[in-house]
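Enquirer: Quick one, fold the following:
(one chain, ligands or ions: 1)
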Amino acid sequence: MAGNTTVGVLALQGDVREHERVLHDLGADVVRVRRPEELAQVSGLVIPGGESTVIDKLSRLFGLQHPIRDAIREGMPVLGTCAGLIMLADTVVDAIDGQQSFGGLDVIVRRNAFGRQVESFEAELDVSALGTPNVRAAFIRGPVIEHVGVGATALASLNDGRVVAVEQGGLLGISFHPEITGETRFHRRFLDRVAARV
Ligand code: GLN
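Expert: Down below sits the predicted model:
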């Protein structure tokens, strides 16, 4: 991808470093985004896994909620994993009182749909948009996508049919953690979207 493309990792909470490493390895220039001035420098944003309730609160506290919503509306590519997917969802089920998302993805997600931390699991997913081999996906208290609206497209499902990855324009939301299983194709897809736009 073009060397002058800078992408951000939202660095309020969660596994920021793992995403930075994958993006670096793919040749991207990466900055941590904690304030609106940093958001203004980037052409795309990764929202990491962590705790969506905390990411939501801190994003409002740091004055980032509205700038991020505006950037999404203007077409900035965003990759959200796990809590990051929750932040991208238009509708969140089993949210805490007052919890807000940035929105942008026309989906309904349910938080903690796979149970508690000890019920974490890995699964092989056949993701045709990414080709072969299958994706090795780590699920850690992740959300499930209960409804995919007309604007969004399902990219991956579990064997039981539950949707765990969606895409809508430049927005990519996944329930699991590719950054911890050495899976780089979602990040590459995100960087391709960024490169196509700048
Ligand atoms: N359960 C977390 C939440 O609701 C998400 C877990 C994760 O990102 N690994 O935000």
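Enquirer: In contact with the spatially closest residue to residue 135 that is not a sequence neighbour, which residues?
Expert: Once flanking residues are discounted, residue 135 sits nearest to residue 125: 4.4 Å by Cβ to Cβ, 6 or more residues apart in numbering. For the C-beta atoms, the positions are set from N, CA and C on the backbone; glycine is no exception. If a contact means Cβ atoms under 8 Å, 6 or more residues apart in numbering, then residue 125 has 134, 135, 137, 156, 157, 158, 164, 165 as its contacts.
Enquirer: biggest helix in this protein by residues?
Expert: Of all segments of type helix in the chain, defined using DSSP state H, the longest is helix 185-197.
Enquirer: which strands and helices sit next to that one?
Expert: Under the contact definition 3 or more Cβ pairs under 8 Å, 6 or more residues apart in numbering; DSSP states H and E, helix 185-197 sits against strand 6-10, helix 16-25, strand 78-81, strand 171-174.
Enquirer: strand partners of the next helix or strand after the longest one, parallel vs antiparallel please.
Expert: Past helix 16-25, further along toward the C-terminus, the next helix or strand under DSSP states H and E is strand 29-33. Using DSSP bridges, the strands paired with strand 29-33 are strand 6-10 (parallel).
Enquirer: now the partner strand, how far from the chain's geometric center?
Expert: Computed by Cα atoms, centre = their mean, to the nearest Å, the separation of strand 6-10 from the middle of its chain amounts to 12 Å.
Enquirer: what about it, near the ligand?
Expert: No: contact of strand 6-10 with the ligand (Cβ under 6 Å from any ligand atom) is absent, the minimum separation being 12.4 Å.
Enquirer: again, but for stretch 15-33
Expert: No: for stretch 15-33 and the ligand, the contact criterion (Cβ under 6 Å from any ligand atom) is not met; the two come no nearer than 7.9 Å.
Enquirer: Which parts of that stretch count as buried, going by neighbours?
Expert: Going by neighbour count (16 or more other Cβ atoms under 10 Å), the buried part of stretch 15-33 is 15, 16, 18, 19, 20, 22, 23, 26, 28, 29, 30, 33.
Enquirer: what's in contact with it?
Expert: Residues from elsewhere that reach stretch 15-33 (Cβ under 8 Å, 6+ apart): 1, 3-11, 38-39, 41-42, 45-46, 48-50, 64, 81, 177-180, 184, 187-188, 191.
Enquirer: what does the chain put close to the ligand?
Expert: Near the ligand, the residues belonging to the chain are 49, 50, 51, 52, 82, 83, 86, 111, 112, 140, 141, 142 when assessed by Cβ under 6 Å from any ligand atom.
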